[in-house]
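> please work out how this folds:
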Amino acid sequence: MIELKNEKIAVPVVLFAGLLWSFGPLVVRNMTDPHLVPWQYIFGRGLTIFIILNLYLYFEEGLNFYKNYKKIGKSGITGGIGLGVAMISFIYSITNTSAAVTLLCLAAMPFFTALLAFLFLKEKISLNVWISILLATTGIIVMALGNDTKSSLIGFIFGITSSIGFSVFSVTLRWRKETPKFTTVAIAGLFCVIFAALIILIKKQSFFSSSYNSTMFSLHGTLVCLGLILYSIGSKAIQAAELTLLSLTEVIGGIFWVWLPLFGINEVPSTSTIIGGFFLFVSIIYYSLIMKWNKRHIALN
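Next up is the predicted model:
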């Protein structure tokens, strides 16, 4: 895989990856009644992710790319299922609440990851991280209280579920670092395809929506794949603390695109979402700056 060692080049690459991901909510909002075809969306998006990642691995590693699946192990299967659940939950979240709520729930992922790593990998959590988690929790509670209608609350719950699913994926990578990352994501796409196919067959529905919707499903899957590839290429030259801040472009951009009247959505976040989001942003920035300071302090010694 291509690796960038120059941080000045890697930073814009990672920022662009977050920018690509940020168009996901806009794509969903431009679908025709996505809440009526969630399983067709999950099937189409999952199939796109599985195909593109395997093609990428083929061009990177040749015919031997399939050997990555032999290295997957329990961690890869667990991570793939966790990521698959996150992908499934995403569509139910964003079609039942605002894009801002869904994205801000995903922004809490670093803290769910820290908690899961503490519980299952016995990784220690410093006082500063606990403070960040407390701030993030406050923001989540404020958003939850503001989403008091039934559908909006369901969207919020699925948003949190999606964030936890992504966190499970992250923790499994720490559990066994040699687990091939791209292959794990491909497993997640395959999980979505199989699970959605079973539901579609049980409900006796068509596997595909309109040609327009099917195109949008594939477009979203492509954005996810391209962003992931760029993110992985650029991440080698950037500290984890900086990556946390750079990944905020997905959240900020996603909220901005669906609000911008130019695109015809004009989705304005509620007051509780703005307040809760403020606490989340403060917690992430505090966490990132503390991590950066700690790394510098260790380096000086």
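> need the contact list for I154.
For I154, the contacting residues are Y92, N96, T97, by C-beta atoms under 8 Å, 6 or more residues apart in numbering. In this view, the C-beta of every residue, glycine as well, is placed from N, C-alpha and C.
> so how many other residues sit close to the closest residue to the first one other than its chain neighbours?
Meaning Y92. Spatial nearest neighbour of Y92, excluding adjacent residues (C-beta to C-beta, 6 or more residues apart in numbering): F158 at 4.3 Å. Neighbour count for F158, taken as other C-beta atoms under 10 Å: 23.
> likewise for E267?
Around E267 there are 16 residues (other C-beta under 10 Å).
> do the one 10 residues further on as well
The tally of other residues near G277 (other C-beta under 10 Å) stands at 22.
> that one is in contact with T138, isn't it?
No - the pair G277 / T138 is not scored as a contact, 11.5 Å apart, by C-beta atoms under 8 Å.
> show me what counts as buried in the strand or helix carrying T222.
If you go by DSSP states H and E, T222 is part of helix 211-235. Of all the residues in helix 211-235, those buried under the rule 16 or more other C-beta atoms under 10 Å are 213-214, 216-235.
> same deal with stretch 46-57?
G46, L47, T48, I49, F50, I51, I52, L53, N54, Y56, L57.
> now do stretch 125-144
So, applying 16+ other C-beta under 10 Å, buried residues of stretch 125-144: V129, S132, I133, L135, A136, T138, G139, I140, V142, M143, A144.
> let's have those residues in CSV, adding secondary structure, distance to V168 and pLDDT.
CSV is the format used below for the buried residues of stretch 125-144 (DSSP: H, G, I helix; E, B strand; the rest coil; distance: C-beta to C-beta, whole Å; pLDDT from 0 to 100):
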residue, secondary structure, distance to V168, pLDDT
V129, helix, 19, 78
S132, helix, 20, 81
I133, helix, 17, 82
L135, helix, 23, 86
A136, helix, 17, 85
T138, helix, 23, 88
G139, helix, 21, 86
I140, helix, 18, 84
V142, helix, 25, 85
M143, helix, 22, 82
A144, helix, 21, 80
